[in-house]
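**Student:** Okay, predicted coordinates and the sequence, questions at the end:
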Amino acid sequence: MRGPIEGVHPLIAPLFYSFQMAREDLAKYTEGLTTEQLWVTPHGFGSVGFHLRHIAGSTDRLMTYVEGGQLSEAQIAVMKAEKEPGASREMLLAGLDAAFAKAEAVARALDPAHLTDPRGVGRKQLPATVIGLLVHIAEHTQRHVGQAISAAKWARLPN
């Protein structure tokens, strides 16, 4: 319910809306959390920090597939380190924003005539399309935003 985005095709715009809502919600629900609270894993659930890193990393990885590429060793290393604690709220939100900005630049450059082009995902080359990946990124982002909000609420509870 945010209206058209200048220069963005209507079929690509939902990705931008998802990123916009994620930025807003994550800034709001993580405000005031200490670095320790960001990395707590109550009842074994993923930490806020993990979810923020995972959203950024998965966006980057999935956009690589949108572009028809394969993951680099650096991307795989980032994925393996997503649960490692220590980054501050500011660092995590900056990383998230950078990943979103990079994805938005790629999405702006997409030719809508190629949205149904096939793409292979991962080592197994699972079948996907450009638009299928964009929808998945938007949906996956929102799932992890919800989990991060829940984790943030748990982290605020007294021990």
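**Tutor:** It's in. Every value quoted in this text rests on a predicted model; they were computed, and no experiment measured them.
**Student:** what's the span of stretch 66-76, first residue to last?
**Tutor:** End-to-end distance of stretch 66-76 (CA to CA, to the nearest Å): 17 Å.
**Student:** the strands in this structure, which residues?
**Tutor:** Using DSSP state E, the strands found in the chain span residues 118-121, 126-129.
**Student:** same for the last one, what does it pack against?
**Tutor:** To tie it back to what came earlier, the one meant is strand 126-129. With contacts taken as 3 or more CB pairs under 8 Å, 6 or more residues apart in numbering; DSSP states H and E, strand 126-129 sits against strand 118-121. For the C-beta atoms, the positions are set from N, CA and C on the backbone; glycine is no exception.
**Student:** Please tell me I have it right and T41 contacts S47.
**Tutor:** Yes. Counting by CB atoms under 8 Å, T41 does reach S47; the two are 5.0 Å apart.
**Student:** Quick check: pLDDT value at P158.
**Tutor:** In this model, P158 is scored at 86, pLDDT.
**Student:** For this structure, give me the ranges with low pLDDT.
**Tutor:** Low-confidence segments of the chain (pLDDT under 70): 159.
**Student:** Flag every buried residue along the longest helix seen in it.
**Tutor:** The longest helix of the chain (DSSP state H) is helix 130-156. Within helix 130-156, the residues scored as buried using 16 or more other CB atoms under 10 Å are 130-138, 140-142, 144-145, 147-152, 154-155.
**Student:** More neighbours: T41 and S47, which one.
**Tutor:** A direct count of neighbours by other CB atoms under 10 Å for T41 and S47 places S47 higher, at 23 against 16.
**Student:** mind listing what that one touches?
**Tutor:** 38-41, 83, 85, 151, 155 (CB atoms under 8 Å, 6 or more residues apart in numbering).
**Student:** So which of those residues belong to helices?
**Tutor:** 38-39, 151, 155.
**Student:** Closest one to M1 out of those, please.
**Tutor:** A151 (26.7 Å; CB to CB).
**Student:** Now the closest one: closest residue in space that isn't a chain neighbour?
**Tutor:** Spatially, and ignoring its direct neighbours in sequence, A151 is nearest to V48 (4.6 Å; CB to CB, 6 or more residues apart in numbering).
**Student:** Please apply the same query to M63.
**Tutor:** A103 (4.7 Å).
**Student:** list the contacts for that neighbour?
**Tutor:** By CB under 8 Å, 6+ apart, the residues touching A103 are 15, 19, 59-60, 63, 137.
**Student:** Nearest the geometric middle of the chain, what residue?
**Tutor:** Central residue of the chain (CA atoms, centre = their mean): I55, 2.7 Å from the mean position.
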